[in-house]
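Trainee: Mind folding the following:
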Amino acid sequence: MNVLKITLVLSMIYVFSPKIVCADQNGWYAEGGNYIPTTRIKVTLTNTLDIDRENCPVVIERQQFPFFNFSPREIVVVDPNLPPRPEPTEQEKLLFGGHLPREETNGRYIHYQLDDLDRDGMWDELFFMTDFKSGETKTIYLYIGYNNRGLYPHKTFAAIGDYARHPVPMWESEYMTWKLFYPTDVDIQVKRKLMLNGYYSLTMNMSGYHFSYDKGADIMTVSTTFGGGGICMFEHPAKPDSVSRPLFSPYRKTGPLYDTRFVFDVVASGPLRSIVRAHTRNWRSGAGEYELEQYYYAYADKNYSTCTVKYLKYFPENDRTSFGCGIRKIMQEDEFFTGEGYVISNSYDMEVIDPNPETIDRSRMILDFAGIALIVKDKYKPEYQAITSFQGNHTFRIPCTEDLTYEYLITAAWSQGPIANTPESFKEYVVTTALEYNNPVVVETLELQKKKDGYKPIEYWGWDDVHILR
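Mentor: Okay, the predicted model is just below:
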């Protein structure tokens, strides 16, 4: 290898190697006496909004990390400003077992997820939630080192159920459950109190219209509409309110060899974020051929779900074709509001009716208020479009993006819910959520740090030493 090549190789190593800072061991997190890590990543985050944000989602993609060759049990996310947990009592240890966290110093670990979105065995995103003051810049540490202790209740859940004779994906937070009873358009179950009930619904095959009172209820009639959220294509510029939809192609009901096909799987199920993937294949609209994936997300402590749409095949016959998404006009709609990238549809004294015509008692309840809403990020330049077909819908037209990807957010509320249970509070919730959705927390820096003394943490309760330790 000549001198020039050696110089180029050394230059590349310098450019692409992470910056490592040797840090004093004072102020480093430790837990249980035998988790004393020597490597950490300092993360600096900024809330760019002039409002406080509680349980704010934070996403850090793998390519942003200076070092990422670790598994979920080899990272601990720590907020250094939170009070450390004390040593659990002997009674707590007996009750919860060996995975209960022990006494902490220099901060408190917070719950997190490493999610493998493309299912290749390597995590793609770190996800956690934290609070921010108005305009605050804060530091979070990611400690690297094996730690098998940590117990936490899940606040979200996802599953693929066999429900009413067909596969039905669902995802939920403690506030709300979403499901694809129809494969492309979202059905909604609302709750009176914080709980997870999706497992019960799918495994017991219970209709949401016939839940016991404490479990909430179905309030959405989807039928041929966009329901609580769905996607479309605008393929005919001369007919601006004409939409193409995967479930309603010219090959509808001709069988899976010819009609659009749908594949579902669970990407993640809690504790803080649950993800369902819907893969739409063989969609031939009559004016184009398409294949796409949708990733539906549920978040802890949130009354909304987000959806990322990614086209894998995009062959429109008209180069003016654009993306789209929408919600139905809520049943018995009394009013709707549109703003910058959002639309709200409200109903008052809304009668909730079991759509099954053979049910004797079809009228289930009268709601003082029910509302649904859709938000599309400003960066996608959404344009509102009313749709009279498919029983009436509110949609947004979205110009085709370079990477064939776009995102939107859906939410709902009702008068018996734990939050946003009036028209005024729901509108405030939507407007605030739209602001936060358009302004995610900024990941300023990630800096790899190592202790000067190079202490190596003990791997306890590992696969090789469990019997020796006992």
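Trainee: Please make it C-alpha for all contacts and neighbour counts, starting now.
Mentor: Fine.
Trainee: for this protein, what are the low-confidence residue spans?
Mentor: 1-26, 453-470 (pLDDT under 70).
Trainee: what residue lies at the spatial centre of it?
Mentor: Closest residue to the average C-alpha location of the chain: residue 297 at 2.5 Å, with C-alpha atoms, centre = their mean.
Trainee: got the contact list for it?
Mentor: Counting by C-alpha atoms under 8 Å, 6 or more residues apart in numbering, residue 297 touches 171, 273-276, 305-307.
Trainee: Would you mark the buried spots in stretch 179-193?
Mentor: 179-193 (16 or more other C-alpha atoms under 10 Å).
Trainee: what about that stretch, start to end distance?
Mentor: The first and last residues of stretch 179-193 sit 19 Å apart, counting by C-alpha to C-alpha, to the nearest Å.
Trainee: And that stretch, how far out from the chain middle?
Mentor: 15 Å (C-alpha atoms, centre = their mean, to the nearest Å).
Trainee: Only alpha carbons, please: show stretch 55-64 as CSV.
Mentor: The C-alpha trace of stretch 55-64 is given here as CSV (Å, rounded to 0.1, in the frame of the first residue of the first chain):
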residue,chain,number,x,y,z
ASN,A,55,-44.3,12.5,28.4
CYS,A,56,-42.7,13.8,25.3
PRO,A,57,-41.7,11.1,22.8
VAL,A,58,-38.0,11.0,21.9
VAL,A,59,-36.7,9.0,18.9
ILE,A,60,-33.0,8.5,18.2
GLU,A,61,-32.2,6.6,15.0
ARG,A,62,-29.4,4.1,15.0
GLN,A,63,-27.3,6.0,12.5
GLN,A,64,-27.1,9.0,14.9
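Trainee: Name the strands paired with the helix or strand where residue 410 lies and say parallel or antiparallel.
Mentor: Counting by DSSP states H and E, the element that carries residue 410 is strand 405-414. Strand 405-414 sits in its sheet next to strand 304-316 (antiparallel), strand 363-376 (antiparallel), going by DSSP bridges.
Trainee: So what touches the next helix or strand after the longest one?
Mentor: Scanning forward in sequence from strand 363-376 by DSSP H and E, the next helix or strand is strand 383-387. Outside strand 383-387, the residues within contact range by C-alpha under 8 Å, 6+ apart are 240-242, 338, 341, 392-398.
Trainee: try 10 Å
Mentor: Residues outside strand 383-387 that contact it (C-alpha atoms under 10 Å, 6 or more residues apart in numbering): 240-243, 324-326, 328-329, 338-343, 376, 392-399.
Trainee: A ChimeraX selection for the residues you listed, restricted to the buried ones, would help me check which they are.
Mentor: Typed into ChimeraX, the line below selects the buried ones among the contacts of strand 383-387, using 16+ other C-alpha under 10 Å:
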select :242,243,324,325,326,328,329,340,341,342,343,376,392,393,394,395,396,397,398,399
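Trainee: any idea which helix is longest in this protein?
Mentor: helix 423-438 (DSSP state H).
Trainee: Quick check: nearest residue in space to residue 64, chain neighbours excluded?
Mentor: residue 446 (7.6 Å; C-alpha to C-alpha, 6 or more residues apart in numbering).
Trainee: Quick one: distance of whatever helix or strand the one you found lives in to the chain centre.
Mentor: Here residue 446 sits within strand 442-451, counting by DSSP H and E. Chain-centre distance of strand 442-451: 25 Å, with C-alpha atoms, centre = their mean.
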